[in-house]
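Undergrad: mind folding the following:
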Amino acid sequence: MNVNNNANGARNHNHEIPRYLLQHALRPREVSFTLMERQQESMYIVWAAARGRVRQKVYYPGLLLPPYPLPPVWPDDIWAMMVLWVARERWMFEMEMTELEYILGLGARAH
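TA: Model prediction:
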């Protein structure tokens, strides 16, 4: 790491922080993303396949599972969208399970 302020072209002699560095990072609720219809359909198809594999592992552990198919090749921006989509769905599922536990009197509400 070079500690010389002028080494990388940083010639701010007033020692001011550049304005773009002072902007706040977007909060999760300020970020929106959308999947194209084809991509969303693909996600639900793959989710159904994953659900089938899990059920087979749980209810029929003696059966051999088919090998995993090769994953789709996504451009970086679509790959990032998929990561966000899966994370959001996992978060939603966890919240639903918490609500189910509360409604059934099985756990304390985390609010």
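
Undergrad: for L22, give me the pLDDT.
TA: Looking at L22, its pLDDT reads 68.

Undergrad: ok, V73 next?
TA: In this model, V73 is scored at 87, pLDDT.

Undergrad: same question, A108
TA: Reported pLDDT for A108: 63.

Undergrad: and for W79?
TA: pLDDT, W79: 86.

Undergrad: what do you get for Y59?
TA: 96.

Undergrad: separation between P61 and P67?
TA: 17 Å (Cβ to Cβ, to the nearest Å). C-beta: built from backbone N, CA, C; applies to glycine.

Undergrad: my error: substitute Y20 in the last question.
TA: According to Cβ to Cβ, Y20 and P67 sit 48 Å apart.

Undergrad: just G105 next, same as before
TA: 43 Å.

Undergrad: how about G107?
TA: Relative to P67, G107 is positioned 38 Å away (Cβ to Cβ).

Undergrad: same question for Q23.
TA: Distance, Q23 to P67, using Cβ to Cβ: 47 Å.

Undergrad: repeat that for R38.
TA: From R38 to P67 the distance is 25 Å (Cβ to Cβ).

Undergrad: and what of P75?
TA: According to Cβ to Cβ, P75 stands 26 Å off from P67.

Undergrad: by contact count, what packs against the longest helix seen in the chain?
TA: The longest helix of the chain (DSSP state H) is helix 76-103. For helix 76-103, the packing partners by 3 or more Cβ pairs under 8 Å, 6 or more residues apart in numbering; DSSP states H and E come out as helix 37-59.

Undergrad: may I have the distance across stretch 52-71, first residue to last?
TA: One end of stretch 52-71 to the other measures 17 Å (Cα to Cα, to the nearest Å).

Undergrad: could you number the chain from 612 rather than 1 from now on?
TA: With the count now opening at 612, the last piece we talked about shows up as stretch 663-682.

Undergrad: got any ranges where this structure has weak pLDDT?
TA: For the chain, the stretches with pLDDT under 70 are 612-625, 632-633, 635-644, 719-722.

Undergrad: hmm, try it at 50
TA: The model of the chain has pLDDT under 50 over residues 612-613.

Undergrad: give the burial count for the nearest residue to I689 once chain neighbours are set aside, as a bare number.
TA: In this structure, I689 finds its nearest non-sequential neighbour in Q650, 6.5 Å apart by Cβ to Cβ, 6 or more residues apart in numbering. Look at Q650: counted by other Cβ atoms under 10 Å, it has 15 neighbours.
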